[in-house]
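Predicted model and sequence follow; I will ask about them next.
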Amino acid sequence: MGATVIVQAGGGLSALPDRELVSLGGRTALSCTLERARRIPGAELVVCAVPDDREHDLVAEEAADCAVMVVRGPAADPLGLVSQAAREAGADTVVRITSQCPVIDPIIAGGVLGLLTDANADYASNTMPAKFPHGLDCEAFSALLLDEADRKADTLAERRSVTGWMRRHPGLTRANLTGPGGGLEHLRWTLETPEDAAFLQALFSELGSKALTATAAEMAALCLRRPDLSELNADRVDYARLVSPERASVETRPMRFPFAA
């Protein structure tokens, strides 16, 4: 069986209410995320995990309109929500991304999924260390490990972060698909603030019909040619993410972005 991609909606603190419903190139941000998630190599099923409070009802409706499986679960327990989604989907292997990643690169996400097997790892990501633009973040792990985390994670921080227990628990093998770095990790392609929305709307406008299929390398190249685009949300760069001490025990060589060299 192929992997189950769980797109987690809601969760975390956001300065942008209804961020999943922001319009990007005539589609909602959630629709863009789900469309890209469908193209992750090795993915068999896409599930949208949505908090069960009323404020996320429209998000759940939008996900259903995108013809993906929708699972509603506890708004106050993101780890419980994602674990519930994996159980209801009958997942064996999970790829987790969040709904604030409307330009997630399917090939990079597929690389994280492949690394999980290739490195014989318990957990794989592309943020240990974070060397990709922010907004390409992806994780892969077994449903069994997710269930264990759900049973054993007992701090509020671990339950809110979903994978905090996996990223820190001793005895687990963690692998990292390393990004190109070179300053590209300072680019912010996530959707959490009004400034992020302004940037992504400008990016989609520039990409036009290629917005849903552009690769990370192509988007990085555009940002380098047009620094005015990245300036729209440059004040929102998450520097704590860049200096995090978390490191995987297995790290690949940096992935090259040939069009952004």
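Yep, that arrived.

give me every residue that touches residue 257.
Counting by Cβ atoms under 8 Å, 6 or more residues apart in numbering, residue 257 touches 180, 184, 216, 217, 220, 221. The way it works is simple: take the backbone N, C-alpha and C, and place the C-beta from them, glycine included.

Go through the residues you listed and name the one nearest residue 37.
residue 216 (14.7 Å; Cβ to Cβ).

Please name the bridge partners of the most centrally placed residue in the chain.
Closest to where the C-alpha atoms of the chain average out (Cα atoms, centre = their mean) is residue 97, at 3.1 Å. Legend: beta-bridge partners of residue 97 under DSSP bridges are residue 7.

any idea how far it is from residue 37?
Computed as Cβ to Cβ, to the nearest Å, the residue 97 to residue 37 distance reads 6 Å.

Now do the shared contacts for those two.
Taking Cβ under 8 Å, 6+ apart as the contact rule, residue 97 and residue 37 both touch 5, 7, 104, 109.

So which of those residues wins on neighbours?
When neighbours are taken as other Cβ atoms under 10 Å, the top entry among the shared contacts of residue 97 and residue 37 is residue 5 (33 neighbours).

That one reaches residue 37, doesn't it?
Yes - between residue 5 and residue 37 there is a contact under Cβ atoms under 8 Å: 4.7 Å.

any common contacting residues for those two?
43, 46, 95, 97, 109.

What about these, which are in strands?
Among the shared contacts of residue 5 and residue 37, the ones falling in strands (DSSP state E) are 43, 46, 95, 97.

wait, what's in contact with the third one?
By that I understand residue 95. Residue 95 neighbours (Cβ under 8 Å, 6+ apart): 3-6, 37, 40, 43, 109, 112-113, 138-140.

ok, and the closest residue in space to it that isn't next to it in sequence, which helix or strand is that part of?
Setting aside the residues directly before and after it, residue 95 is nearest to residue 5 in space (Cβ to Cβ, 6 or more residues apart in numbering), at 4.6 Å. Assigned by DSSP states H and E, residue 5 belongs to strand 3-8.
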